[in-house]
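>>> any chance you can model this:
(4 chains)
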2 protein chains.
Amino acid sequence: MDSSANVSERQVQAPSLAISTVIFALRDDTATGRPEIWLPLVRRIRQPHLGRWALPGGPLDGRESLQDAAARNLRETTDLDPTYLEQLYAFGGLDRSATQRLVSIVYWALVRPEQADLARASENVQWFRASEVAGLAFDHDEIVAYALGRLRGKIEYGSVAYHFLGDRFTLAQLRGVYEAVLGKQLDPANFRRQFRSAKDIAPTDEVLQGGRNRPPRLYRYTGARADPPGVDDGTGAGTRTGLAPGTGVRNPVGVPGAMQADVVAEAAGGQS
Amino acid sequence: MDSSANVSERQVQAPSLAISTVIFALRDDTATGRPEIWLPLVRRIRQPHLGRWALPGGPLDGRESLQDAAARNLRETTDLDPTYLEQLYAFGGLDRSATQRLVSIVYWALVRPEQADLARASENVQWFRASEVAGLAFDHDEIVAYALGRLRGKIEYGSVAYHFLGDRFTLAQLRGVYEAVLGKQLDPANFRRQFRSAKDIAPTDEVLQGGRNRPPRLYRYTGARADPPGVDDGTGAGTRTGLAPGTGVRNPVGVPGAMQADVVAEAAGGQS
DNA sequence: TCTTGTTAAGGTCAGTTTGACTATAACTCA
DNA sequence: TGAGTTATAGTCAAACTGACCTTAACAAGA
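Prediction:
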């Protein structure tokens, strides 16, 4: 509206650009044995929000692509290469940071629990249960909530779930992923039925020995494991490989239904 | 990899930030009478790509939120306020523009055909059939293709289709929207069946007079018309109000199916 | 060695949804 | 008045879902 001259110096400056990354991994609950969603956070070592936990990230310099910068966040925080990395959203509200106008392009990643050295908690890097994350710096609480919503939405389609798992997995493990992400139990028999007829999943001739019950067969994911290089869709359009079965997420037929808005955010700050 | 000093001046500078907007409207084909997807483009009046068509957009200054800047693009190009406006993706490849490192945050919008003054084609603003767009400046071809993929993905859920239509509409008009977006014909009877049981659609007691056939009943969309203010989801998570019926888009059940990757892009340039 | 507990794996069944198709209603135009 | 076209309602078989049942395979303990 008002484009006259009397604006503060700060607002006239071009916004700063930062990349942040929400990294999800599964970890079996020590009590129930059921997998839960965890994510690493880093402690801020400067103002603003000094000392608070925040998403890994930093300013974007001119030499990296967005995705490369996010992958670097991932490496520096977890020592892992991404098995899944996708752009989440660009947060650019005017008051995300008190000290500067900051636009953060946020990525989200999935890593495998075996790889993620969850024990590698240092003074400034620690893993938290996603359900218990609160009080983060900037608007990172909302970003995490938004990322969780996206994860749920994405798992209803294909492929994503497999990025939490290793090369071979049992149907029970796969079901565990779905249950952790969707936050509800699924019928094992129906889950099996749907996944047995899935195109991108193939039984191996191996079984998982060592359990105390009947040894489950191991399966292999035969679809695309990662997004095509340089390709990165911002929604469900991309690597979608079919619908998640047994999801309990019945086909939202009947057309327009109830407003299902997930947690959304127009905010967030970058770790700089 | 190489963080030594011998890098060009340009690459060391912070990337420039721009906002671009893909604006979709429907327009009835003069021959078949069936609606098609159109979008406005602006001619570049400076280098690079001088004279070529490009998405409306411009640099982000420090005083606007991302969404506000996109809404301004929309207004300045079409004289319309957004009925639907959502973030599409942030494009940040290293070589999107030859002259500078440029990161573009792209929005996409839907407008109503009655409102969109399609005739208002000036020397530097013109509407094009989405299916015929080609040869745009920067990587805007790919951005448009990506936006079309997102539109298709989104229409399979709820609400989005209605933003193409006015307050009252017939089921045939609504079906026309779906057919234009999905690029295939749908069975009128089945389409009707599903939408009649839809929660967010209600029949009025009016019919549309003046046609040469049986006058169709008018319906009203009773769900949320626009995204909550300031709220803007980057995917299908947000305003999702149910699945599109009759879509022919059968529930992608059976779990993982065929890789359905839509057109994606890691590129694009901003109109500056 | 037999019993018990637990998970794996396969199957049944009723209710719902889908896609293809048919039939009738309502209107304009020739 | 009859032909043509769209609106609207219904039918039917195939497919899918969710709930539930049965049997297989294994470990641990009696």
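
>>> hmm, residue A:15 is touching residue A:104, no?
No - in terms of CB atoms under 8 Å, residue A:15 does not count as a neighbour of residue A:104; the distance is 9.9 Å. Placement of C-beta: from N, CA and C, glycine included.

>>> these two: which has the busier surroundings?
Here residue A:15 and residue A:104 are compared on neighbour count by other CB atoms under 10 Å in any protein chain shown; more neighbours surround residue A:104, at 32 against 22.

>>> per-residue confidence at that one?
Residue A:104 is assigned a predicted lDDT (pLDDT) of 97.

>>> SS state for it?
With DSSP: H, G, I helix; E, B strand; the rest coil as the basis, the three-state label of residue A:104 is strand.

>>> was I right to think it contacts residue A:57?
Yes - using CB under 8 Å, residue A:104 is in contact with residue A:57, at 7.0 Å.

>>> any idea how far residue A:73 is from residue B:96?
Look at residue A:73 and residue B:96: by CB to CB, to the nearest Å, they are 21 Å apart.

>>> and the closest residue to residue A:155 other than its chain neighbours, what element?
Of all residues beyond its chain neighbours, the one nearest residue A:155 is residue A:181 (4.9 Å), with distances taken as CB to CB, 6 or more residues apart in numbering or on different chains. With elements taken from DSSP states H and E, the one containing residue A:181 is helix A:171-182.

>>> ranges for the strands of chain A?
In chain order, chain A shows strands spanning A:16-28, A:35-43, A:53-54, A:57-59, A:84-91, A:102-111, A:125-129, A:168-169, A:201-207, A:217-221, with DSSP state E as the criterion.

>>> what about residue A:17, how many neighbours?
When neighbours are counted by other CB under 10 Å, residue A:17 comes out with 27.

>>> for it, what are its contacts?
Residue A:17 is in contact with A:59, A:60, A:103, A:104, A:105, B:14, B:15, B:17, B:103, counting by CB atoms under 8 Å, 6 or more residues apart in numbering or on different chains.

>>> beta partners for the closest residue to the second one other than its chain neighbours?
This means residue A:60. Spatial nearest neighbour of residue A:60, chain neighbours left out: residue A:17 (4.6 Å); criterion: CB to CB, 6+ apart. According to DSSP bridges, the residues that bridge with residue A:17 are residue A:103.

>>> for residue A:24, same thing?
In this structure, residue A:24 has the following beta-bridge partners (DSSP bridges): residue A:110.

>>> roughly how far apart are residue A:131 and chain B?
As for residue A:131, its distance to chain B is 18 Å (criterion: CB to the nearest CB, to the nearest Å).

>>> pretty sure that residue is touching residue A:39, no?
No - Residue A:131 sits out of contact with residue A:39 when judged by CB under 8 Å, with a separation of 10.4 Å.

>>> neighbours of whichever residue of the stretch 1-150 of chain A sits closest to DNA strand D, how many?
With CB to the nearest atom of the strand as the measure, residue A:33 is the residue of the stretch 1-150 of chain A nearest to DNA strand D, at 15.4 Å. For residue A:33, the tally of surrounding residues (other CB under 10 Å) stands at 8.

>>> which pLDDT value does the model give it?
On pLDDT, residue A:33 comes in at 84.

>>> so how far is residue A:48 from it?
Here the criterion is CB to CB. By it, residue A:33 lies 40 Å from residue A:48.

>>> with residue A:17 instead?
According to CB to CB, residue A:17 stands 17 Å off from residue A:48.

>>> any idea what residue A:201 is bridged to?
Beta-bridge pairing for residue A:201 (DSSP bridges): residue A:221.

>>> and it, how many neighbours?
Residue A:201, neighbours per other CB under 10 Å, totals 23.

>>> just residue A:203 next, same as before
Applying other CB under 10 Å, we find 12 residues neighbouring residue A:203.

>>> that one and residue A:194, how far apart?
According to CB to CB, residue A:203 stands 14 Å off from residue A:194.

>>> cool, residue A:150 as well?
23 Å.

>>> could you do residue A:18 as well?
Counting by CB to CB, the gap from residue A:18 to residue A:194 is 41 Å.

>>> what packs against the top helix by length along chain A?
Counting residues, the longest helix found in chain A (DSSP state H) is helix A:140-155. Secondary-structure packing of helix A:140-155 (3 or more CB pairs under 8 Å, 6 or more residues apart in numbering or on different chains; DSSP states H and E): strand A:16-28, strand A:35-43, strand A:84-91, strand A:102-111, helix A:171-182.

>>> good, we can wrap up now.
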